[in-house]
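> the following block contains a protein sequence and its predicted model.
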Amino acid sequence: MPNPAASTERLLKILFSFMLSSLGIYWIVAQTFHPSTRINPLVSSGLTAVAALAAIVVYYLRFVRVEKLLSGTAAELGGQNPARLRVTYIVSYALCDVVGLCGFVLYAMGGGRSKATLFFLASAGLFLLCYPRLSKRSDGTRGGVRL
């Protein structure tokens with residue numbers, strides 16, 4: 001029977017690499033656009049607010065939810081712990097991608113390249129923050145899951 005912690009870590013690393021590479025694809029596609037219109041400042045502010053809200057939720061998920069699931073306090077969840085950990089990481093990856101998509105939409109609608117670059121860099125930083133680290137612990141657990 002495969003180890004659930006190892007398979008969870010492997011799945012999360014595969015998803016991480018695909019989602020991070022999608023950010024690179026957004027950047028490449030954005031470079032083919034040459035928007036001639038100027039973006040409405042209200043739309044620009046709205047996209048910035050959506051990206052900031054997504055970043056705040058990513059920080060919460062990474063530093064509160066994931067840490068709780070990786071600690072011993074979540075041991076009473078039993079078999080649900082690996083599934084909850086996977087879901088939390090996947091939602092974090094999707095929200096990291098939202099920040100990059102906001103930059104893509106901002107540039108496509110006529111925002112400056114420098115503004116879009118900030119969104120892409122913020123998204124990449126959030127992705128690196130959410131890299132799955134399910135390190136082996138000395139008490140025989142891996143990521144809060146008994147091996």
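Thanks, I have it.
> for this structure, give me the ranges with low pLDDT.
Counting by pLDDT under 70, the ranges of the chain that qualify are 1-2, 72-80, 135-147.
> just the helices from it, written as ranges.
Assigned by DSSP state H, the helices in the chain fall at 4-32, 41-60, 66-70, 80-108, 113-129.
> dump those helices into TSV; add mean neighbour count as well.
C-betas here are computed from N, CA, C, even on glycine. Output for the helices of the chain, formatted as TSV (neighbours: other Cβ atoms under 10 Å):
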stretch	mean neighbour count
helix 4-32	15
helix 41-60	15
helix 66-70	19
helix 80-108	21
helix 113-129	17
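> hmm, what's the outermost residue in this protein?
Most distant from the centre of the chain: Ser36, at 31.2 Å, with distances by Cα atoms, centre = their mean.
> how near is that one to Leu42?
Ser36 sits 20 Å away from Leu42, going by Cβ to Cβ, to the nearest Å.
> and the residue nearest the centre of this structure?
Tyr93 (2.6 Å).
> surely that residue is in contact with Cys130?
Yes - if you go by Cβ atoms under 8 Å, Tyr93 and Cys130 touch, sitting 6.4 Å apart.
> intersection of neighbour lists for those two?
Residues touching both Tyr93 and Cys130 (Cβ atoms under 8 Å, 6 or more residues apart in numbering) are Phe16.
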